[in-house]
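**Q** Task: produce atomic coordinates for the following.
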Amino acid sequence: QVQYPFALAMDSFTRINHVGIRVNGKDFSASRAFYEKLGFVWLAGPVGPEPIAIMTHEASGITLNLILNGNDKTPHNVLVDDKNQKYGGITHIALEVPDMDAVVVSLEKEGIEITERMALPGKGQSLFVRDPDRTTIEFHQPGDEWWTNRPMVEKMEATTAAKRNK
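**A** Alright, predicted model coming up:
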């Protein structure tokens, strides 16, 4: 058993403090404009050695740290675009929404392309967009808590296992 030099209160997390997203460091105006279209407000920056810019979504309390040291134009996102190689790491952030139809209208109005849309078990739904630096953002409307339905979960697990074993 690992002994830590101090007590870790792992049950004391209260929320995610912020999400760091690396963006084009030479011209981050497109990233700023994109996240403003999603309702984020510019707070500060660039600041610090990286540097970062801080944006917040006041209604949800979500804070983004845009890390302004990315290459000019990212041709692809290695975590999700490479179909032959699956690298470890965070592939996207998911923003929970109560009304997916309203989100679709807003995204279309702002000219933001929806790259994927799917129905989920339990009548939930998700859609995905990309920011100017190819970071994937999911909008997720929850459905029923399908993962609490053991027979449904077991059937889905069996189907997934069968596909993986082919």
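**Q** What segments of the protein are strands?
**A** Secondary structure of the chain, counting by DSSP state E: strands at 19-24, 41-47, 52-57, 62-70, 92-96, 114-119, 125-130, 136-141.
**Q** would you turn those strands into CSV with distance to E108, mean neighbour count and mean pLDDT?
**A** No exception for glycine: its C-beta is placed from N, CA and C like everyone else's. Below are the strands of the chain laid out as CSV (distance: least, Cβ to Cβ, whole Å; neighbours: other Cβ atoms under 10 Å; pLDDT from 0 to 100):
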stretch, distance to E108, mean neighbour count, mean pLDDT
strand 19-24, 23, 18, 89
strand 41-47, 22, 13, 91
strand 52-57, 20, 20, 93
strand 62-70, 22, 20, 89
strand 92-96, 17, 13, 90
strand 114-119, 8, 12, 91
strand 125-130, 11, 19, 92
strand 136-141, 13, 18, 91
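**Q** Could you export the ones you listed as TSV, including distance to A161?
**A** Converted to TSV, those look like this (distance: least, Cβ to Cβ, whole Å):
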stretch	distance to A161
strand 19-24	32
strand 41-47	45
strand 52-57	38
strand 62-70	35
strand 92-96	24
strand 114-119	21
strand 125-130	23
strand 136-141	25
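**Q** For the residue nearest to the spatial centre of the chain, list the residues it contacts.
**A** In the chain, the residue lying closest to the centroid (Cα atoms, centre = their mean) is I93, at 1.2 Å. Residues in contact with I93 (Cβ atoms under 8 Å, 6 or more residues apart in numbering) are 19, 136-138.
**Q** try it again with 6 Å
**A** I93 makes contact with V19, according to Cβ atoms under 6 Å, 6 or more residues apart in numbering.
**Q** That one pairs with what?
**A** In this entry, I93 is beta-bridged to I137, by DSSP bridges.
**Q** That one and F128: what is the separation?
**A** Here I93 is placed at a distance of 11 Å from F128 (Cβ to Cβ, to the nearest Å).
**Q** and what of T135?
**A** 11 Å.
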